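# coords please:
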Amino acid sequence: MTLEPPLIPTIRRIKRFAPLQLGKMMGICYGIMGLLFCPIFLLMALMSPHLPPQQRVGVMAFGTGFAIAMPFIYAIMGFVGGIVSAFVYNLIARWVGGVEVEVE
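Next up is the predicted model:
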């Protein structure tokens, strides 16, 4: 039986994020979150027959359009937000040293 030495936690510091990589990751994450809102807008479109005839087409088009567009809108916003966040983090991390995490 071999004895392994105990794992000693180590403090590491995140000094920099690659802006484009963080933008891609955030874009994909936000795009997936946008998919979660699709059923809400589709339900809105399905409930439109209960509205007055003048409002039906508008509500159906709005609900269906947003159900289709929401994942793309969220993905673009996440991509741009990830890039901006990485630039801001990198700037601030130069002054204060970054975020410390504990790893084993």
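# could you use CA atoms for every contact and neighbour count after this?
Noted.
# show the pLDDT at the residue most central in space within the chain.
In the chain, the centroid-proximal residue (CA atoms, centre = their mean) is Tyr30; its distance is 2.8 Å. For Tyr30, the model assigns a pLDDT of 95.
# with Met1 instead?
The model reports Met1 with a pLDDT of 64.
# just after the host helix or strand of Gly65, pick out the following helix or strand.
Using DSSP states H and E, Gly65 sits within helix 53-96. Using DSSP H and E, the helix or strand that follows helix 53-96 in sequence is strand 99-103.
# tell me what angle that following strand forms with helix 53-96.
Interaxial angle, strand 99-103 versus helix 53-96 (axes from the mean of the first three to the mean of the last three CA atoms, to 10 degrees): 90 degrees.
# who does strand 99-103 pair with, and is each partner parallel or antiparallel?
Strand pairing for strand 99-103, determined by DSSP bridges: strand 10-14 (antiparallel).
# which residues of this protein score low on pLDDT?
For the chain, the stretches with pLDDT under 70 are 1.
# the residue nearest to the centre of the chain against Val80, yeah?
No: using CA atoms under 8 Å as the test, Tyr30 is too far from Val80 to be in contact (10.9 Å).
# now the strand or helix carrying the residue nearest to the centre of the chain against helix 53-96, angle please.
Taking DSSP H and E as the criterion, Tyr30 maps to helix 19-46. Angle, helix 19-46 to helix 53-96, by the same axes, to 10 degrees: 160 degrees.
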